[in-house]
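Asker: Sequence first, predicted model second:
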Amino acid sequence: MRAMQTIVGLVAALQVGAALADPVRVGCLYPLTGPGGLYGRDSAIAIDMALEDLAARPDQGYPDLDIVIEDTRSRTLRSLQMSRQFIEDDGMDFLCGVVSSNIALAVSEFVEDTNVIFIGTDHASPRLTSTALHENYFRVSNGSRQSMLAGAQYIQRHFQSDGEPLNIAFIGPDYDYGYQSWDDLTAFLERHDVDFNIVGTYWPRLFETDYSNYINAILAQQPDIVVNGHWGLDLVTFIRQANQTDLFDQVAFMNFDSGGNFEVLAQLGDDMPLGIVLSARHHVSWPPTAANSQFVERFFERANRYPSYAAEGAYTGIMVIAEAVRQAGGTDDIDALRAALRTLEISLPEDPEGFRSRMDPDHHQMLQVQAIGRTVPDARFAPATIQLGEWEVFPPPEHWPELPPRNE
Amino acid sequence: MWLRLPQLNLARRYLWGALVAALIPLVLISVAYDRYSVNLLQTLVTNRLSSNVEAVAARMSSYISAHDTRLENIADLRDTTLFFESQDPRIADQLYDLLLLEVESPDIYAIELQGLDGTALATVPTSRALTRSAEFSTLPFVEVDGTDIIGPALPSNGRPGWILIRRPVSRQQEVIGYVAIRSRLASITELAGGLEEPGVLLPQLTVFDRIRVTPVGTEASEGVVLAQSTQFIPGWRLNLVEGGSDLDEPRRRIRYLILLLAIVSAVGLFFLFFKMSQRLSGYLTPLNTGAQAIASGDFSVTVNEDGPGELGALARSYNRMREHLEKLIASRVDSERRATLGDMAAGIAHEIRNPLTTVAATLHGLSRGEKDAERQDMYQIVGSELDRVEETITEFVNFAKPRAPEIEEVLVRDVLKSVKTLISASAHEHAITISVSGDSTLRINVDAAQLRQIILNLSLNAIQAMTDGGQLRFRCYQDEGQAKLVVADNGHGMDASVLGKLFRPFFTTRSGGTGLGLPITNQLVEANGGKLHVASVPGEGTTVSIHFPLAAGMRET
């Protein structure tokens, strides 16, 4: 059965051009059920918030948006079939969303040969903005490469010591997102002259439920640092199982891309170890700006829960689409849309004071600030009892960093 | 011999023998238990693990078979055959979707459609196409029932390991290509994850004894194999190797603990037997010493009666035996001595008294005819001296051959009064007061004359001890079922050395004394069934207590 959610944003748009008369059709692909379903449900709420914000600015030339959200159930073929339907049958102007990098790669490959632009909001593999990049793909939230760049800088700042090389182990999900994260981290550590040994790389399958053999293997290697590349329930499960060992007493534990996601903090509650190093693409407690606080509170009013980072990604996706269409004067000229997207700048809830998210024109990757923190007790956002604190902020580089691809 | 062992008594020999008899089985049992437990543990572990390893190997084989079935279905598709026939690198949409559905499984990285030379003509998904490396051709290659199993390729370059399972695609019996699944290596090895005991047991997938993989899909190092499966595909085994010293450590600890307990038991037994030997010897040696002393005529050696059980009873029996023997022999000697002394005294009396009688008669005759006053005085002196000799002879004869008492019931009060009367003049002369107190009805069964002599002797001694006057007290009363007579003075008393010799015949502290008064008194007391005890403090006086049996009527009261 097709799970579909349709949201129509009617903006009392100014008649900037005839093209704006028809609503812009956006097909969104999110898991609404099954693994990662919370990400999709949060995204749907945030999309509604974005439409509300657009409607509140009737005089700024934003288009009407007709948004359809389909439940991918985190399945690649299902996502691909929906993408075909969105484009071939429904005549969508944009695709957006997708949580899994694997699915995003399949969708992006399909979209390459169409006249539809795919706005990635949640997946993070840098392959999509490098070796698999094409003109119809744009990503509007920080990818794992930016997270790993900030992570490497964090390690250099805090752990590079006295001549002894750091022993680093990595464990991440066994798919492209995990591989790319690890490739990028090691490359950035080398670029930042961090002296390190790799004592182990481990690849449990995505949505694994038993990490005990992997945790034992990590403990046997006695690393100084364990960098974890899991997200969502995988990370929650891993931390719960690692809590049964002395892993968190033995090593410095880090997750730079998604560990600080509110979903993880909320699910773990008091089980979240204190003092571990985490980050995410959006935080409910950072930056301490009015825009971010309003976003978080508005979301809470609608959902009676605080948002995971997927919400802000989806919100961004819709705002970016609206802004690009506004700048291109409609959807008829796809080249104009691409040009608008390549140079797009936008203020988002996750931007700290004085900073605006901006698109890297060569890699179609939004450049945003990455903030890394340590877990500290903080009960302001129930049911989480632990939040990130002791923040360290890493502004993005001028250009999205290129790294040579590895042979496989 | 440079080392001389002390000679062991019988008790110690028995104890040491028992010790050796206890230690030898202890050592033998400890060694046998150690060997048995080690072998048992190894046997149990090996048997249990072997069956578990076989079970997991069977699941690994099933995993490969499941992929093989998938491949067979794909190879039999018409679209697959068409792909190889058309030479077009594009895959038909239906086939692509089917392959994409297959690679939804997290166990499958990609599905490849390969040419006859093994080159991937198409990969689903395309993003997972491999960049071939030189090592690809060096991977282990096994063919099982038409299915090729290539790998495992170990993790390298920051990527996990994999294996390739492929089947040929045929058209009219001719192979035109291959369809291959690139499977996640860890999906096979994780099946053995349940066998892992950190630090103890580590399962390893072993391929041709040169590639070893841990349960998490990483390369493993060679280890001591504890259990091994059969080959579930040619060259592929599951081994269970020692994962560290965590197993040895507790096993070694248990063995050391048993050894330590055996040593502690041996030392404890040694100490126990040593102490028992010492204690037993502590009781037996004095008995032996006492027995030797008795054999040499020394009855003064007593032994401690605090020994446990039969040893205490033996010591008490020994002491009773020693006392009885001592009394028996003393009594016998005393009887013989008295008999001898009596005979000698009778002889002496006879031989001395006869001449003395002659001398006395002669002297009496001479003194009657003597006019000279001075000579009369000299005859008087000689006469009195002759009387003294007669008295001494009489006392000596009485001591040496006392008269047998004539027992009768005597009222003690009467005896004390008569003695008081007898000595009152002498006492008055020495400024001594006499008091009599006690039970006026006290009666005892004694020889009345001998009791009077006893009291008189003691009274005279007391008067002589109170040269500066004093008080002489007679008391009589019942004391613990006996009659007690006390003669006490507050004269100059005696020291311990004098007290110790008091009953020796002829021992005296007075010039002119015969030294027979107290021995005779004591003899008379004993002859009448009494017991005499003297207590004296120099400068304070002397108290003589005599216990006699009560008269029959008195005992009833």
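Answerer: Great, that's in hand. Predicted model, so just to flag it, every value in this text is computed and none were measured.
Asker: Around chain B, which positions in chain A sit nearby?
Answerer: Within chain A, the positions lying close to chain B (C-beta under 8 Å from any C-beta of the partner chain) are A:75-77, A:80-81, A:102, A:105-106, A:109, A:127, A:132, A:174-176, A:179, A:182-183, A:186, A:200-207, A:210, A:212-214, A:216-217, A:219-220, A:406-408. From N, CA and C alone the C-beta is placed, and that goes for glycine too.
Asker: In PyMOL, how would I select the buried members of those?
Answerer: Buried members of the residues of chain A next to chain B, defined by 16 or more other C-beta atoms under 10 Å in any protein chain shown, are picked up in PyMOL with:
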select buried, chain A and resi 75+76+77+80+81+102+105+106+109+127+132+174+175+176+179+182+183+186+200+201+202+203+204+205+206+212+213+214+216+217+219+220
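Asker: among the residues of chain A next to chain B, which are in strands?
Answerer: If you go by DSSP state E, the residues of chain A next to chain B have A:Gly200, A:Thr201, A:Tyr202 in strands.
Asker: now these as TSV including pLDDT?
Answerer: Listed next are those as TSV, based on pLDDT from 0 to 100:
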residue	pLDDT
A:Gly200	95
A:Thr201	97
A:Tyr202	97
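Asker: what are the ranges of the helices in chain A?
Answerer: A:37-55, A:76-84, A:101-112, A:144-159, A:176-191, A:212-221, A:232-242, A:247-250, A:262-268, A:290-303, A:309-328, A:334-342 (DSSP state H).
Asker: any chance of those helices in JSON lines, plus mean pLDDT?
Answerer: Shown next, in JSON lines, are those (pLDDT from 0 to 100):
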{"stretch": "helix A:37-55", "mean pLDDT": "95"}
{"stretch": "helix A:76-84", "mean pLDDT": "94"}
{"stretch": "helix A:101-112", "mean pLDDT": "94"}
{"stretch": "helix A:144-159", "mean pLDDT": "94"}
{"stretch": "helix A:176-191", "mean pLDDT": "94"}
{"stretch": "helix A:212-221", "mean pLDDT": "95"}
{"stretch": "helix A:232-242", "mean pLDDT": "96"}
{"stretch": "helix A:247-250", "mean pLDDT": "95"}
{"stretch": "helix A:262-268", "mean pLDDT": "96"}
{"stretch": "helix A:290-303", "mean pLDDT": "97"}
{"stretch": "helix A:309-328", "mean pLDDT": "96"}
{"stretch": "helix A:334-342", "mean pLDDT": "96"}
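Asker: Please name whichever of those helices is nearest to A:Trp391.
Answerer: helix A:144-159 (11.0 Å; C-beta to C-beta).
Asker: quick one, what contacts the closest residue to A:Phe94 other than its chain neighbours?
Answerer: Nearest non-adjacent residue to A:Phe94, counting by C-beta to C-beta, 6 or more residues apart in numbering or on different chains: A:Val26, 4.6 Å away. Contact analysis of A:Val26 by C-beta atoms under 8 Å, 6 or more residues apart in numbering or on different chains lists A:Leu65, A:Asp66, A:Ile67, A:Val68, A:Met92, A:Asp93, A:Phe94, A:Leu95, A:Cys96, A:Ile318, A:Ile321.
Asker: go with 7 Å
Answerer: A:Leu65, A:Asp66, A:Ile67, A:Met92, A:Asp93, A:Phe94, A:Cys96, A:Ile321 (C-beta atoms under 7 Å, 6 or more residues apart in numbering or on different chains).
Asker: Take these and keep only those in strands.
Answerer: Those of those lying in strands (DSSP E): A:Leu65, A:Asp66, A:Ile67, A:Phe94, A:Cys96.
Asker: Return the member of those residues nearest to chain B.
Answerer: Lowest distance from chain B to the ones in strands among the contacts of A:Val26 (C-beta to the nearest C-beta) belongs to A:Cys96, with 20.0 Å.
Asker: about what we covered before: which one of the helices of chain A has the most crowded surroundings?
Answerer: A comparison of the helices of chain A by mean neighbour count, using mean count of other C-beta atoms under 10 Å in any protein chain shown, puts helix A:309-328 on top with a mean of 27.
Asker: Quick one: list the elements packing against that one.
Answerer: Judged by 3 or more C-beta pairs under 7 Å, 6 or more residues apart in numbering or on different chains; DSSP states H and E, the packing partners of helix A:309-328 are strand A:24-30, helix A:37-55, strand A:94-97, strand A:117-120, helix A:334-342, strand A:345-346.
Asker: Relative to A:Glu398, which of those is closest?
Answerer: Among those, if distance is taken as C-beta to C-beta, the winner is strand A:345-346, at 13.8 Å.
Asker: same for the closest one, what does it pack against?
Answerer: helix A:309-328.
Asker: got the angle for the helix it packs on vs helix A:334-342?
Answerer: Going by axes from the mean of the first three to the mean of the last three C-alpha atoms, to 10 degrees, helix A:309-328 is angled at 130 degrees with respect to helix A:334-342.
Asker: May I have the beta-bridge partners of the residue nearest to A:Phe94?
Answerer: A:Ile67, A:Phe94 (DSSP bridges).
Asker: Establish whether stretch B:94-111 and chain A are in contact.
Answerer: Yes. On the criterion C-beta under 7 Å from any C-beta of the partner chain, stretch B:94-111 is in touch with chain A at B:Asp97, B:Leu100, B:Leu101, B:Glu104, B:Pro106.
Asker: Mind listing what's buried along that stretch?
Answerer: Neighbour count says stretch B:94-111 has B:95-100, B:102-103, B:105-111 buried, by 16+ other C-beta under 10 Å.
Asker: now swap in stretch B:411-431 and tell me
Answerer: B:Leu411, B:Val412, B:Arg413, B:Val415, B:Leu416, B:Val419, B:Lys420, B:Ile423, B:Ala427.
Asker: pLDDT score assigned to the last one?
Answerer: The predicted local distance difference test score for B:Ala427 is 89.
Asker: What of the third one?
Answerer: Each residue has a pLDDT score; the one for B:Arg413 is 90.
Asker: That one sits in which helix or strand?
Answerer: Element membership for B:Arg413, per DSSP states H and E: helix B:412-429.
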